[in-house]
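> Turn this into a model:
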Amino acid sequence: MSLNVYWAMAFILPKGVIRAVEKKMRNFLWKGNSAVGYPKVAWSDVCRPIEEGGLGIRDILALNKALMSRHLWNVIQNNQSSIWVKWISHTHLRHKSIGNGESFSLWHDPWHSLGSLIRRFPRGPSRTNIPKETKLFAVLVDGEWSWPPITDVECIEILHLLPTIHNGNDSILWRGGEFTTKVVYDIFRIRGPIAGWYPLLLGPCKIPRYSFVLWLAILEKLSTMDKPWLSHLGGVSVLCGREVETHAHLFFRCSYSRRCVRDLKATVASLGRTVHGEWILHGLRRDGKADSLFRAAYRALLSAIVYHICGNVIKEFFSTVSGRAPLLLGLL
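The predicted structure follows:
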């Protein structure tokens, strides 16, 4: 990903290049070294932050725009004498900080809430007897506004809603404070609602491949037997052989997975802790962002159970051996 950031910082990437890079990233995520595999989650959802239910992979197009915007911002800030920069400032930039008034033109720069005064009041210089070339500091005295008397009915509006004067030099401001690539990236990327379960994927004890399978299980994107393209296999759970295999059945209505959870609860109880809730996921969601080592280990155990349940589904499908539940905690 660091190589992508380097090129996104150096060039405006063509969309064809972005699509090719994202295709390789998708293939690596869903196929690995295998020749078969299919995307289980839309790439736009994968690129969302973990808090919004994604994996936190950055969207290359949005990142490229954010990094190019930073270059543009640096040019605007450091090259005020350029005609192009002046046009950008006059046309598109509306957020400025007024300091000593030496950098801004009184009539041409959009320092006022009304925008560029010469556009709003074309005859303003003649009606107020203030020349077009006047700098803003001409109407400032000791950090305070000091305008000459304005009697024109139209131009009197200039004196209304004057901005606050700050110490220091004049400057163009980024809306909301300091310009950062992260803030601009959040503007360009596709936003989603906060996922209430995202703390399950966090913590110091997490194992990436376990968390990845847990993420798929929460989104109900695992290849369970109820999927239309697997209906020819019978649809019955290979772990218990009784009910249709769905996400709800595997986690945790199946007799096999119930035994896994029961063993986990017994192990946790032996440590002097009480596990609340019929459904283990609900109990963990309720814990929120707690950072205790116990809860972190508890979540790691949950992800390990989900991972091994999924692994045992595959093993059972290709094996005649059954009854792996008693061995599960030993594996963990």
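> What is the distance between the strand or helix carrying residue 74 and the centre of its chain?
Here residue 74 sits within helix 60-78, counting by DSSP states H and E. Distance of helix 60-78 from its chain centroid, counting by Cα atoms, centre = their mean, to the nearest Å, is 18 Å.
> name the helices or strands packed onto it?
On a contact count with 3 or more Cβ pairs under 8 Å, 6 or more residues apart in numbering; DSSP states H and E, helix 60-78 meets helix 2-10, helix 15-30, helix 83-91, strand 171-172, helix 181-188. In this view, the C-beta of every residue, glycine as well, is placed from N, C-alpha and C.
> Sort out which residues of it are buried, please.
60-69, 76 (16 or more other Cβ atoms under 10 Å).
> now swap in stretch 121-128 and tell me
Those would be 121, 124-125, 128, for stretch 121-128 by 16+ other Cβ under 10 Å.
> Export those residues as TSV, with columns for secondary structure and pLDDT.
What follows is the buried residues of stretch 121-128, written out as TSV (DSSP: H, G, I helix; E, B strand; the rest coil; pLDDT from 0 to 100):
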residue	secondary structure	pLDDT
121	coil	84
124	helix	84
125	helix	87
128	helix	84
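> Distance check, the residue nearest to residue 194 when sequence neighbours are not counted against residue 195.
Nearest non-adjacent residue to residue 194, counting by Cβ to Cβ, 6 or more residues apart in numbering: residue 51, 5.6 Å away. According to Cβ to Cβ, to the nearest Å, residue 51 stands 7 Å off from residue 195.
> Between the two, which has more neighbouring residues?
Set residue 51 next to residue 195 and count neighbours by other Cβ atoms under 10 Å: residue 195 wins out with 19 against 15.
> picking that back up, so for the helix holding residue 74, what's the average pLDDT?
In this model, helix 60-78 has an average pLDDT of 82.
> Could I have the CA atoms of it written out in PDB?
What follows is helix 60-78, C-alpha atoms only, in PDB (Å, rounded to 0.1, in the frame of the first residue of the first chain):
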ATOM      1  CA  ILE A  60      -7.000   5.000  -4.300                       C
ATOM      2  CA  LEU A  61      -9.000   7.500  -6.300                       C
ATOM      3  CA  ALA A  62     -10.000   9.400  -3.100                       C
ATOM      4  CA  LEU A  63      -6.400   9.300  -1.800                       C
ATOM      5  CA  ASN A  64      -5.000  10.500  -5.100                       C
ATOM      6  CA  LYS A  65      -7.400  13.500  -5.000                       C
ATOM      7  CA  ALA A  66      -6.500  14.300  -1.400                       C
ATOM      8  CA  LEU A  67      -2.800  14.200  -2.100                       C
ATOM      9  CA  MET A  68      -3.100  16.300  -5.200                       C
ATOM     10  CA  SER A  69      -5.200  18.800  -3.200                       C
ATOM     11  CA  ARG A  70      -2.400  19.100  -0.800                       C
ATOM     12  CA  HIS A  71       0.000  20.100  -3.600                       C
ATOM     13  CA  LEU A  72      -2.500  22.600  -4.800                       C
ATOM     14  CA  TRP A  73      -2.900  24.000  -1.300                       C
ATOM     15  CA  ASN A  74       0.900  24.400  -0.900                       C
ATOM     16  CA  VAL A  75       1.100  26.200  -4.200                       C
ATOM     17  CA  ILE A  76      -1.600  28.600  -3.200                       C
ATOM     18  CA  GLN A  77      -0.100  29.300   0.200                       C
ATOM     19  CA  ASN A  78       3.500  29.800  -1.000                       C
END
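> Just want the angle from that helix to helix 15-30.
With axes from the mean of the first three to the mean of the last three Cα atoms, to 10 degrees defining the directions, helix 60-78 sits at 130 degrees from helix 15-30.
> ok, residue 66 touching residue 72?
No. Residue 66 lies out of contact with residue 72 (Cβ atoms under 8 Å); the separation is 10.7 Å.
> Next, count neighbours for residue 52.
Residues near residue 52, counting by other Cβ under 10 Å, number 17.
> typo on my end, residue 37
Neighbours of residue 37 under the rule other Cβ under 10 Å: 12.
> so it is in which element?
Using DSSP H and E, no helix or strand contains residue 37.
> For it, which residues are in contact?
Residues near residue 37 by Cβ atoms under 8 Å, 6 or more residues apart in numbering: 27, 30-31.
> let's go with 7 Å and repeat that
Shown in contact with residue 37 (Cβ atoms under 7 Å, 6 or more residues apart in numbering): 30-31.
> Do you know the pLDDT at the residue nearest to residue 120 when sequence neighbours are not counted?
Sequence neighbours aside, residue 114 is the residue nearest to residue 120 in space, at 5.0 Å (criterion: Cβ to Cβ, 6+ apart). Looking at residue 114, its pLDDT is 72.
> What's the local residue count around residue 114?
Neighbour number of residue 114 under other Cβ under 10 Å is 14.
> again with the one 3 residues further on
Residues lying near residue 117 (other Cβ under 10 Å) number 23.
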